[in-house]
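Fold the following.
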Amino acid sequence: MGLIHHLNPLEYKAIGILEFEIETPLHIGTGTTEMRRAFVRIPGNGGFLIPSSTWKGAFRSISERIAKSMDFRDKLAGLA
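Presented below is the predicted three-dimensional model:
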């Protein structure tokens, strides 16, 4: 297997543990009932390992809501 070369390789990497306490239900999956995902339980504390695609979707959704609530018209006028 060959190495994968990225256009923008990481120069620095941070690895850590994040803990979130959710206030609303969190959907993990595709939205269809036929598809079941295998979840990985974290030994010792009963938590779940949530796939990065789930986090990506959650953060993207929040980012889009924030961006839509901001007015960038004055700042972007000179870029066109």
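
Just the strands from this structure, written as ranges.
Secondary structure of the chain (DSSP state E): strands at 40-41, 48-49.

Serialize those to a markdown table and add fields for mean neighbour count, mean pLDDT and distance to Ala67.
C-beta coordinates here come from the backbone N, C-alpha and C atoms, glycine included. Converted to a markdown table, the strands of the chain look like this (neighbours: other CB atoms under 10 Å; pLDDT from 0 to 100; distance: least, CB to CB, whole Å):
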| stretch | mean neighbour count | mean pLDDT | distance to Ala67 |
| --- | --- | --- | --- |
| strand 40-41 | 10 | 72 | 32 |
| strand 48-49 | 10 | 76 | 29 |
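
Please enumerate the helices of the protein.
52-69, 73-76 (DSSP state H).

deepest of those helices, which one?
Neighbour counts (mean count of other CB atoms under 10 Å) averaged over each of the helices of the chain peak at helix 52-69, with a mean of 10.

Grab the CA positions of that one and hand them over as PDB.
Taking C-alpha atoms only, helix 52-69 is exported to PDB below (Å, rounded to 0.1, in the frame of the first residue of the first chain):
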ATOM      1  CA  SER A  52     -16.700  11.800  12.800                       C
ATOM      2  CA  SER A  53     -19.300  12.100  10.000                       C
ATOM      3  CA  THR A  54     -21.900  12.700  12.700                       C
ATOM      4  CA  TRP A  55     -19.900  15.500  14.300                       C
ATOM      5  CA  LYS A  56     -19.100  17.000  10.900                       C
ATOM      6  CA  GLY A  57     -22.800  17.200  10.100                       C
ATOM      7  CA  ALA A  58     -23.700  18.700  13.500                       C
ATOM      8  CA  PHE A  59     -20.900  21.300  13.300                       C
ATOM      9  CA  ARG A  60     -21.800  22.100   9.700                       C
ATOM     10  CA  SER A  61     -25.500  22.600  10.500                       C
ATOM     11  CA  ILE A  62     -24.600  25.000  13.400                       C
ATOM     12  CA  SER A  63     -22.100  26.900  11.200                       C
ATOM     13  CA  GLU A  64     -24.600  27.300   8.400                       C
ATOM     14  CA  ARG A  65     -27.200  28.700  10.800                       C
ATOM     15  CA  ILE A  66     -24.700  31.200  12.300                       C
ATOM     16  CA  ALA A  67     -23.500  32.200   8.800                       C
ATOM     17  CA  LYS A  68     -27.100  32.800   7.600                       C
ATOM     18  CA  SER A  69     -27.800  35.000  10.600                       C
END
